[in-house]
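Q: Show me how the following folds:
(chains A and B)
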2 protein chains.
Amino acid sequence: MSLDDIDTPAVLIDLAVAEANIDRFQAYCGVHGFANRPHIKTHKLPALARRQIAAGAVGITCQKVSEAEAMVAEGGIDDVLLTYNIVGDGQAGPPAGARRPGAAVGGGRQPGGGRGLGAAFADAAEPLTVLVECDTGAGRCGVATPAAARDLATAIAGTPGLRFGGLMTYPKVGGTGDVQTFMAQAIGLCEEAGLSVDRVSSGGAPDMWQAHEAPLVTEYRTGTYVYNDRSLVERGVCGWSDCALTVLATVVSVPTPSRAVVDAGTKVLTSDLLGLQGHGHVLGRPDIAIDQLSEEHGRLVTSGPIGLAVGDRVRIVPNHCCVVSNMMDSVVAVRGDRIEGELEIAARGRVW
Amino acid sequence: MSLDDIDTPAVLIDLAVAEANIDRFQAYCGVHGFANRPHIKTHKLPALARRQIAAGAVGITCQKVSEAEAMVAEGGIDDVLLTYNIVGDGQAGPPAGARRPGAAVGGGRQPGGGRGLGAAFADAAEPLTVLVECDTGAGRCGVATPAAARDLATAIAGTPGLRFGGLMTYPKVGGTGDVQTFMAQAIGLCEEAGLSVDRVSSGGAPDMWQAHEAPLVTEYRTGTYVYNDRSLVERGVCGWSDCALTVLATVVSVPTPSRAVVDAGTKVLTSDLLGLQGHGHVLGRPDIAIDQLSEEHGRLVTSGPIGLAVGDRVRIVPNHCCVVSNMMDSVVAVRGDRIEGELEIAARGRVW
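A: Numbers count the residues shown, from 1 in each chain, chains lettered A, B, ... in the order given. Next up is the predicted model:
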C-alpha cells in the first residue's frame, strides 16, 4: 500500500520528523537545565506521549481530565499536569492512576480557588500538588499580580488535601521577559510568606527556543513542537521539512485555469488563522494560496496556471496542527513515503 | 435531571424550535411550489432527517458518500442527492440502499466529468441520475458558462449508466438573480440540444426566504434552517428565539471585573467567523463579546462589570451551527428546560 491508495482527506504523521522534533527540543531543555513537560493536545496519541517521556520529558500536560484519562489508561503515563481551571463535581481533579498528578488554579476573583479540589483530595493518601496560574500578559486566566499569586499560594498551602507546588503561566507571544519579571516578584513574595516555590512552569510554542531567556522557569510546556505547523514556519521557528503533520488531499475540481478545489475543508483544516492569511501551505507550491474553505472544499488559487488536474494529490501543512488532530478519528503514520499504519486519536473530542 | 446537571461544554438542541423551523420553511416551499431537499450536514442526525422528510421534504442532500451511508443505514432515507465532486474508486457514488440516488458533477476543465460514475453504474439496474453543477457566481466548483453546462449535460446523456437529471448550483450570497439568469440561458441551450431539464436545484441558507425570486428553481437545498445560528440572526434571517442549537458552557474563571472565561473554545464553537466579529452570542447578554477563543477557553469581555461568577452557566449561539455539529460525539435534545435525551451524531467526522 502506498500513499496513493489512502482515501482522502487524510492526516499523515511522519514519525521520523516527529521523533527528530521531540529529540531536538528535549536536547535544548537539557542544555539549559529545565524540565520538558509536553502538552499532548497536539497529537492526542498515547504512543507519541510515551515517545516524549522516553526521550526525557518529566511527564505530560493535559487541559482536560478526560484527555488525561486517555493518556493514563492507554499511554501508561503517570505524571500529569492539568493546566485548566477545574470546576464542578464531574471534573474533580486528575484521574485515578496518575501517581504524580498536578493541577493549576488561578484567578484574582476566585477567592475559593482550589477549595473544591481540596475537598476532593482531603481523604486521599497524598495531597494534590497545585500550581498557581499567573497572568503574565496573555489576558486569559490566572492571577493578575505577584501579590495575588502569593495570596492564592498561601490559601492553597492552608487547604487540607492540597500542596502548594509552585507557579504557572501561559505567556503571551513574545512575553518571555514578562514571565521572568512577574515570576521574580512572585517568588520573592512567596518566600517572604514562608512558601517555597519548587516549580515555575511556563509554555508556548512560538517562543520555545527563547525559553532559556526566563531562567527562573524550571519547566516548559509546549505541544506544537512535536509536529510544527504553518504558524511556526511563518514565524521563523522551523522549516517546512520540520512539519510532521500534513493533510493529504485530492483535487476534485479544476473549474478555471488558475483555480482548483481539493477535498480538505474546515472539517479537516479548521478555520484557525493564528494571524495568517489563507488556510494552509501546499508543499512544493509556494505560489498557491488556499484562499477559501467550506466544510468539505478547499479552494486553491494562483496568479498563473495552477497546473493541477482532477485526481492529483497535494500535501498541505495546516495553519495550526493541534486543532487538526481533533478533527479526525485516526491518523496515518508514515516514514517518508512508507506507511507504518493507522493510529487511533485516543484523546480526540475530549472536551470534559 | 436538569440542565444544571449536564457536564459542560455541551451542545443543546431544542427540538421544539427545530421542528418549528422545519415546518416554517417547508410551508414556504409549499406556497411557492418548489421541493425542499434539506442538507443534513447541519444536524448529522438521522432522527431529524426523518422529521424533515415527514414534514414534506422530497429527500436529503449530503456532501459525502459516508454521510449518506449514515443516513441510509440509520435514517431509512432512500432519496439522496450528493452535491460533491466524486473522485476515486472508494467514492464511486451514492450508497447501496438509496433507491433514488442522485449526484452532481461539474467543472469546465473536467471533460471526463461523470465518466467514473458512469462506469460504476454501467451494470446497475437503473442509471444514476446526475445533475450538472453550475458556477452562478460563488467561484467554487461547477461549469462557468451556460454553454459549458449544455456540453457537460450532453456528455452525461451519452454516458451509459448515467441519466441527465438537470442543473444544480450553490449560489453566492445575494445571488438569487444570477441563478435565474444563468439557469434561463442554460435551460434554453439544453433544450435546443434536445435535452429536457427536469430539475433545477439551488440552495444556501442566507437567501432561503428569497428562493422564490428565482422561479426556474424547482428544488431548494438548505441545511442551517433547521437550527439557525448567529450568522443568520446578524443577517436578519431569523431571531435569537429561532436558534435551536446552543452551546451550554460554564464560567471557569473571572480574572478581572470585566472578563470571564468559559469552558467552550474552538473544540466546540470552532473558529468559523462567516464575516462576523467575535465567536458567538451569549443569550441574554448582548453587552458581552466572545473576543478570543483557544481550544478549551472562550474569553468573554464587556465594557462594564461582567456580573458572572465561577460556576455560572451561559448559553451561546455559535456563529455557524453546522460546524459545531461536527465537533461533538453527541448532543443533548431538550424542549425548553426539559431534557429529552442524548442523541449520537451519527454522521460526525464523515469526511469521505
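Q: And the residue nearest in space to the middle of chain A, how far from residue A:3?
A: For chain A, the residue whose C-alpha lies nearest the mean C-alpha position (CA atoms, centre = their mean) is residue A:223; its distance is 3.1 Å. According to CB to CB, to the nearest Å, residue A:223 and residue A:3 sit 26 Å apart. Quick note: C-beta positions are derived from backbone N, CA and C, even for glycine.
Q: helices or strands up against the strand or helix carrying residue A:30?
A: Taking DSSP states H and E as the definition, one finds residue A:30 inside helix A:15-32. Identification of packing neighbours for helix A:15-32 by 3 or more CB pairs under 8 Å, 6 or more residues apart in numbering or on different chains; DSSP states H and E yields strand A:35-36, helix A:46-55, strand A:330-335.
Q: what ranges do the strands span in the stretch 1-150 of chain A?
A: A:10-14, A:35-36, A:60-62, A:79-82, A:100-105, A:128-134 (DSSP state E, counting those that start in this stretch).
Q: so how far is the second one from its chain's centroid?
A: Taking CA atoms, centre = their mean, to the nearest Å, one finds strand A:35-36 lying 14 Å from the centre of the chain it belongs to.
Q: what mean pLDDT does it have?
A: Here strand A:35-36 scores 98 as its mean pLDDT.
Q: Count the neighbours of residue A:273 for me.
A: 14 (other CB atoms under 10 Å in any protein chain shown).
Q: Which secondary structure state does it sit in?
A: coil (DSSP: H, G, I helix; E, B strand; the rest coil).
Q: Buried residues of the helix holding residue A:30, list them for me.
A: Neighbour counts over helix A:15-32 (16 or more other CB atoms under 10 Å in any protein chain shown) mark A:15, A:17, A:18, A:19, A:21, A:22, A:25, A:26, A:28, A:29 as buried.
Q: With distance to chain B added, can I get the strands of the stretch 1-150 of chain A in a markdown table?
A: Formatted as a markdown table, the strands of the stretch 1-150 of chain A follow (distance: least, CB to the nearest CB, whole Å):
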| stretch | distance to chain B |
| --- | --- |
| strand A:10-14 | 9 |
| strand A:35-36 | 21 |
| strand A:60-62 | 10 |
| strand A:79-82 | 11 |
| strand A:100-105 | 9 |
| strand A:128-134 | 9 |
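Q: of these, which approaches residue B:188 most closely?
A: Nearest to residue B:188, of all these, is strand A:10-14, at 43.1 Å by CB to CB.
Q: can you map out the helices along chain A?
A: A:15-32, A:46-55, A:65-75, A:115-121, A:146-157, A:176-192, A:230-234, A:266-269, A:321-325 (DSSP state H).
Q: I'd like those helices laid out as TSV, including mean pLDDT.
A: Shown next, in TSV, are the helices of chain A (pLDDT from 0 to 100):
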stretch	mean pLDDT
helix A:15-32	98
helix A:46-55	97
helix A:65-75	87
helix A:115-121	73
helix A:146-157	95
helix A:176-192	98
helix A:230-234	98
helix A:266-269	98
helix A:321-325	98
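Q: what packs against the longest strand belonging to chain A?
A: Counting residues, the longest strand in chain A under DSSP state E turns out to be strand A:245-256. Judged by 3+ CB pairs under 8 Å, 6+ apart, the packing partners of strand A:245-256 are strand A:10-14, strand A:259-262, helix A:266-269, strand A:313-317, helix A:321-325.
Q: what about that strand, distance to the chain center?
A: 27 Å.
Q: Sheet partners, orientation included, of that strand?
A: strand A:10-14 (antiparallel), strand A:259-262 (antiparallel), strand A:313-317 (antiparallel) (DSSP bridges).
Q: now those in CSV, with distance to residue A:86?
A: Listed next are the strands paired with strand A:245-256 as CSV, based on distance: least, CB to CB, whole Å:
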stretch, distance to residue A:86
strand A:10-14, 30
strand A:259-262, 40
strand A:313-317, 34
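Q: Comparing those, which stretch has the densest surroundings?
A: Highest mean neighbour count of the strands paired with strand A:245-256: strand A:259-262, a mean of 26 (counted as mean count of other CB atoms under 10 Å in any protein chain shown).
Q: Identify the residues contacting residue A:211.
A: In this structure, residue A:211 makes contact with A:28, A:29, A:32, A:34, A:176, A:202, A:217, A:220, judged by CB atoms under 8 Å, 6 or more residues apart in numbering or on different chains.
Q: Relative to chain B, which of these is nearest.
A: residue A:202 (16.1 Å; CB to the nearest CB).
Q: OK, contacts around that closest one?
A: Contacts of residue A:202 (CB under 8 Å, 6+ apart): A:168, A:169, A:170, A:171, A:179, A:211, A:214, A:217, A:219, A:220, A:221.
Q: Return the distance of stretch A:284-303 from the chain's centre.
A: Worked out by CA atoms, centre = their mean, stretch A:284-303 lies 26 Å from the chain centre.
Q: go on, stretch A:169-180?
A: That offset, for stretch A:169-180, works out to 16 Å (CA atoms, centre = their mean).
Q: likewise stretch A:331-347?
A: With CA atoms, centre = their mean as the basis, the mean position of stretch A:331-347 lies at 19 Å from the chain mean.
Q: Pull up the distance across that stretch, start to finish.
A: 12 Å (CA to CA, to the nearest Å).
Q: hmm, that stretch in reach of chain B?
A: No - residues of stretch A:331-347 are not located near chain B by CB under 8 Å from any CB of the partner chain, the shortest gap being 10.4 Å.
Q: Buried residues, that stretch. List them.
A: Buried, per 16+ other CB under 10 Å, within stretch A:331-347: A:331, A:332, A:333, A:334, A:339, A:343, A:345, A:346, A:347.
Q: Then stretch A:232-241?
A: A:232, A:233, A:237, A:238.
Q: residues contacting residue A:245?
A: Contacts for residue A:245 (CB under 8 Å, 6+ apart) come out as A:11-14, A:227-229, A:317-318, A:321, A:324-325, A:331.
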